[in-house]
Structures are given as structure tokens and as C-alpha cells.
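> 3D model of this:
(one chain, ligands or ions: 1)
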Amino acid sequence: MIKLFWCPRTRAARALWMLEELGEPFEVRQIDIQDEAQKKTMDFRVASPMGKVPAIADGDVMLSESAAICMYLADKYPAAGLAPAIDDLARGNYLYWMMFTPGVLEPAMAEKFGGWEPKPFQHGWGDFDSMVKTLEAGLANGPWILGEQFSAADVMLGSSANFLKMFGILPEGSPIEAYIERCLARPAYQRTLAREADA
Ligand SMILES: N[C@@H](CCC(=O)N[C@@H](CS)C(=O)NCC(=O)O)C(=O)O
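Coordinates of the predicted model:
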């Protein structure tokens with residue numbers, strides 16, 4: 001059975017939501033990320049060399065990084081329909097948006113929080129404002145980032161966009177708000193949040 005190393009109210013929500021969408025059986029091992037001893041347990045460290053959640057163990061496959069986890073699960077369990085097939089024309093767009101969270105959204109969020117000077121030409125992520133505009137444009141033909149097809153890319157983007165909203169850095173009136181609402185309305189995301197509330 002797939003094992004998820006998870007901690008409530010962290011980026012591990014992405015992997016939990018992904019597993020809820022996937023519909024495969026899984027178990028959760030809660031890791032207290034404040035507890036250094038828990039983070040040093042051998043199986044967790046193998047799955048997550050940096051000691052960060054989320055991480056998963058699926059048989060002999062152990063990995064961390066939420067985008068890698070979502071891509072792995074979507075491809076390994078294709079019956080859930082969470083990734084366009086390798087020869088599907090939508091595959092390239094899917095990969096772009098899968099990488100948008102770790103490659104653009106996350107560092108742009110750090111820029112905003114850290115009050116760093118925007119340097120859109122030098123910084124690989126552009127800057128916070130262009131990140132928001134690019135995501136808004138990507139969602140223009142929604143409801144999902146690939147249009148009609150909900151995918152693992154929405155798990156990454158939707159959960160991250162929800163963080164932007166919760167931290168109060170999503171520009172007011174952004175169409176991303178309606179996207180977040182659509183994500184939140186999914187039963188799988190609701191189950192994720194219910195588990196966080198119980199933890
Ligand atoms: N790039 C990673 C980030 C994971 C991450 O930063 N997790 C934080 C919680 S939100 C963590 O485990 N921090 C504990 C630590 O670094 O010791 C991903 O997307 O999975």
C-alpha cells in the first residue's frame with residue numbers, strides 16, 4: 001500500500017489531496033516536522049533526503065518533492081485520468097504547469113514574503129506580479145489549467161494558490177479566487193482539509 005509521510009497544514013496537503021483524487025488505497029504516517037528525532041527515522045530519510053514532507057513510499061519507490069510525487073502517482077496509476085498520456089498533445093502543457101509551482105510560484109512567493117527586490121530579467125521565476133498574471137492567463141480557458149480536464153497540475157496549482165490566499169498575498173479580485181473555490185469544492189480536497197482539521 002502507498003505510504004504518505006504527512007504533517008498537517010504544510011505542503012504535504014498537495015500529496016494528500018493527490019492521493020484522495022487517485023482513489024488507490026494509502027496509509028498516512030504523521031511526521032511532526034518540529035521533532036528532529038522523527039525526521040531522522042530511516043524510512044522517512046530515505047524517502048526524503050532533506051527531511052521534508054511530503055514524501056511517499058510505494059513498494060520500493062520512495063520519493064519526496066510534491067511535484068515529483070504528483071507526477072509519479074498520476075503516471076503510475078493512469079486509471080484515475082490525472083495526467084495526459086505521454087503521446088497526448090496536452091502532455092507538454094501539463095508538464096509546463098506541473099513545474100510552474102516549484103519553478104515559478106514557490107520562489108515568487110518567497111520573493112513577496114521576503115520583500116526581495118523584483119528582478120524579472122535575472123530571476124528564473126520572473127517576479128511575483130508576472131507569476132500571478134501568467135497563472136491568470138493560463139486559467140482563462142478553464143475551469144481547469146488544461147481546460148475541461150482536471151489533472152495533477154491542478155492539485156499543485158490549486159493547493160499553492162490556496163496558500164497565496166490564506167497568506168493574504170493573492171491580489172484582490174484575481175480570477176484565481178474562483179479557481180481556488182472550484183478546487184475547494186472537490187470532495188477529495190474536502191477530505192484532505194477534514195483530515196487536517198482532525199489532526
Ligand atoms: N519543495 C518541497 C517543499 C517541502 C517543504 O518545504 N516542506 C516543509 C513543510 S511545508 C517541511 O517539511 N519542513 C520541515 C523541514 O524542512 O525540516 C515540496 O514541494 O515538497
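> which ones are touching the spatially most central residue of the chain?
In the chain, the C-alpha nearest the mean C-alpha coordinate belongs to residue 156, at 2.7 Å (CA atoms, centre = their mean). Taking CB atoms under 8 Å, 6 or more residues apart in numbering as the contact definition, residue 156 lies against 14, 66-67, 70, 97-98, 100-101. Every residue, glycine included, has its C-beta placed from N, CA and C.
> could you redo the last one with a cut-off of 10 Å?
11, 14, 17-18, 66-67, 69-71, 97-102, 105-106, 145 (CB atoms under 10 Å, 6 or more residues apart in numbering).
> can you check residue 113 too?
So residue 113 contacts 128, 167, 169 (CB under 10 Å, 6+ apart).
> could you measure from the first one over to the ligand?
Just to be clear, that refers to residue 128. 18 Å (CB to the nearest ligand atom, to the nearest Å).
> same deal with residue 82?
17 Å.
> how about the lengthiest helix in the chain: buried residues?
Scanning the chain for the helix with the most residues, using DSSP state H, yields helix 152-166. Buried residues in helix 152-166, counted by 16 or more other CB atoms under 10 Å: 152-164.
> any idea which of the residues you listed is closest to residue 58?
The closest of the buried residues of helix 152-166 to residue 58 turns out to be residue 152 (CB to CB; 15.0 Å).
> surely that closest one meets residue 97?
Yes - contact criterion CB atoms under 10 Å: residue 152 and residue 97 qualify, at 9.3 Å.
> what about residue 127, neighbour count?
Using other CB atoms under 10 Å, the number of residues around residue 127 comes to 21.
> circling back: tell me the buried residues within the contacts of residue 156.
Among the contacts of residue 156, the ones that count as buried by 16+ other CB under 10 Å are 11, 14, 17-18, 66-67, 69-71, 97-98, 100-102, 105-106, 145.
> helix or strand for the closest residue to residue 61 other than its chain neighbours, which one?
Once flanking residues are discounted, residue 61 sits nearest to residue 72: 7.2 Å by CB to CB, 6 or more residues apart in numbering. Here residue 72, judged by DSSP states H and E, is contained in helix 66-76.
> what parts of this structure come near the ligand?
10-11, 33, 51-54, 65-66, 102 (CB under 6 Å from any ligand atom).
> dump the residues you listed to TSV, plus secondary structure.
Formatted as TSV, these follow (DSSP: H, G, I helix; E, B strand; the rest coil):
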residue	secondary structure
10	coil
11	coil
33	coil
51	coil
52	coil
53	coil
54	coil
65	coil
66	helix
102	helix
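> which of those are buried?
Looks like those have 10-11, 51-54, 65-66, 102 buried, using 16+ other CB under 10 Å.
> strands along this protein, start to end?
Shown for the chain, the strands assigned by DSSP state E span residues 2-6, 26-30, 55-58, 61-64.
> pLDDT on the last one, on average?
The one in question is strand 61-64. Mean per-residue pLDDT for strand 61-64: 97.
> need the residues that contact that strand.
2-3, 5, 12, 15, 43-57, 69, 71-73, 76.
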